[in-house]
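**Student:** Dropping the sequence and predicted coords here.
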Amino acid sequence: MASPIKTGLCSYGHSGYAFHAPFIHVHPGFELTAVVERSKHLTQQRYPYVKIYGAVTDLFKDTSLELIVVNTPNHTHYEYAKAALLAGKHVIVEKPFTVTTAEGEELLQLAASKKLLLSVYQNRRYDSDYKIVKKVVEEGLLGDILEVEFHYDRFKEELSYKAHKEVANNGTGALYDLGSHLIDQALTIFGMPKAVFGDVRMIRTNSVVDDYFELLLYYDQLRVRLKSSYLVREALPAYLLHGRKGSFIKSKSDVQEALLMKGVLPDTPDWGAETPAEWGLLHTEKNGVAVKEFLPSVNGNYLDYYQGIYAAIREGKPNPVTGEEGLNVVKVIEAAFKSSKEGKVITL
């Protein structure tokens, strides 16, 4: 095997602890080399071999690093990704890719000019629940898909302890945060819509950022509705799909985040397996006969994303999530905000 890809993390908060460090650590093609932590130095409790830097500028100067993960607040993505690219590093940017399409386009041009990998960490493509939904569509089990609804709901009246998420700043709010996941999932299966309608609101007491949205994506015959609210106590199914032959209904039930937050490393044979109680309900027609059954889920595994990054850097294979795909998500977000403000459908 080629030498491991020496990797630096721009932070070690929730994202670094759960979604990046464990997978970089267990994948033999990577080495978790350096992390930015200003005071606590928590990384070394789990990964004692890691170098700690006090600032991202110091991380970018480390000539041993090949890959930088920009997993900092949304409004910093453009600035830090640009600095890392200028330092000659491959870059993974957390979702959302950038706050504006102009920022994203500049980063794409810069990465191309330097022949560097620029990827967006859309980990929810690797959730067990989404993977079985994608499989149902790709195998044509419902016939022509006519109506789809994706939900990502929470019940949380109180404001987040993460202060940067509750400030009326560029890139904050549920549409940039949770919406980035839902939009990416929809675009990955169905492609870019022709138009977007958005209803984006603030519903929690004292909230100054959007915490509710409903988007309607327009395709030729298909309509895709994406919804999120911070005030849903009784969760609805996360995925509802209706086609000419039948329907598929699935809960949001990927287990990876819960395991990662408990400190479990993603190196077990049954990693990302759902219980049968969470399997999705398929009600369709096969060979002219009505069928109603629960479909076994596909295991989720965020390690597949990092395997894709390794293959792209070391073997020249396709980028698992391109900057262009990340940019398309931002285009839909911008259209949704414009639609909500003007009260009309926005053509893309």
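**Tutor:** It's in. Residues are numbered from 1 along each chain as shown.

**Student:** my guess is Glu285 is in a strand, correct?
**Tutor:** Yes. According to DSSP: H, G, I helix; E, B strand; the rest coil, the state of Glu285 is that of a strand.

**Student:** Beta-bridge partners for it, please?
**Tutor:** When bridges are assigned using DSSP bridges, the partners listed for Glu285 are Ala290.

**Student:** Was I right to think it contacts Lys245?
**Tutor:** Yes. Using CB atoms under 8 Å, Glu285 is in contact with Lys245, at 4.8 Å. From N, CA and C alone the C-beta is placed, and that goes for glycine too.

**Student:** Pick out whichever of the two has more residues nearby.
**Tutor:** Lys245 (17 against 14; other CB atoms under 10 Å).

**Student:** show me where pLDDT drops low in the stretch 201-348 of the chain?
**Tutor:** Judged against pLDDT under 70, the stretch 201-348 of the chain has no low-scoring part.

**Student:** any chance you could map the strands in it?
**Tutor:** Across the stretch 201-348 of the chain, reading from the start of the chain, the strands by DSSP state E, counting those that start in this stretch fall at 212-218, 223-229, 239-243, 247-250, 280-286, 289-295, 346-347.

**Student:** Contacts for stretch 196-208 next, please.
**Tutor:** With contacts defined as CB atoms under 8 Å, 6 or more residues apart in numbering, stretch 196-208 is touched by 156-159, 166-168, 173, 175, 209-218, 229-231, 332, 335-340, 344-346, 348.

**Student:** Identify those among the residues you listed that sit within helices.
**Tutor:** When DSSP state H is applied, these are split such that Leu175, Val332, Ala335, Ala336, Phe337, Lys338, Ser339, Ser340 fall in helices.

**Student:** Pull out the buried members of those.
**Tutor:** Among these, those scoring as buried are Leu175, Val332, Ala335, Ala336, Phe337, Ser339, Ser340 (criterion: 16 or more other CB atoms under 10 Å).

**Student:** which one of the residues you listed sits closest to Asp254?
**Tutor:** The shortest approach to Asp254 among these belongs to Leu175, at 21.3 Å (CB to CB).

**Student:** Grab the nearest non-local neighbour of that closest one.
**Tutor:** Counting by CB to CB, 6 or more residues apart in numbering, the nearest residue to Leu175 once its immediate chain neighbours are dropped is Phe213, at 4.9 Å.

**Student:** Please apply the same query to Ala186.
**Tutor:** Closest residue in space to Ala186, ignoring its immediate chain neighbours: Val224 at 5.1 Å, by CB to CB, 6+ apart.

**Student:** from what I can see that neighbour touches Leu182, true?
**Tutor:** No. Using CB under 8 Å, Val224 and Leu182 do not qualify as a contacting pair, with a distance of 9.3 Å.

**Student:** any residues in contact with both of those two?
**Tutor:** Common contacts of Val224 and Leu182 (CB under 8 Å, 6+ apart): Phe150.

**Student:** any idea which helix or strand carries Gly104?
**Tutor:** helix 101-114 (DSSP states H and E).

**Student:** Now do the buried residues in that helix.
**Tutor:** Under the neighbour-count criterion of 16+ other CB under 10 Å, helix 101-114 has Thr101, Glu103, Gly104, Leu107, Leu108, Leu110, Ala111 buried.

**Student:** other SSEs contacting that helix?
**Tutor:** helix 77-86, strand 118-121, helix 323-342 (3 or more CB pairs under 8 Å, 6 or more residues apart in numbering; DSSP states H and E).

**Student:** Cheers, nothing more for now.
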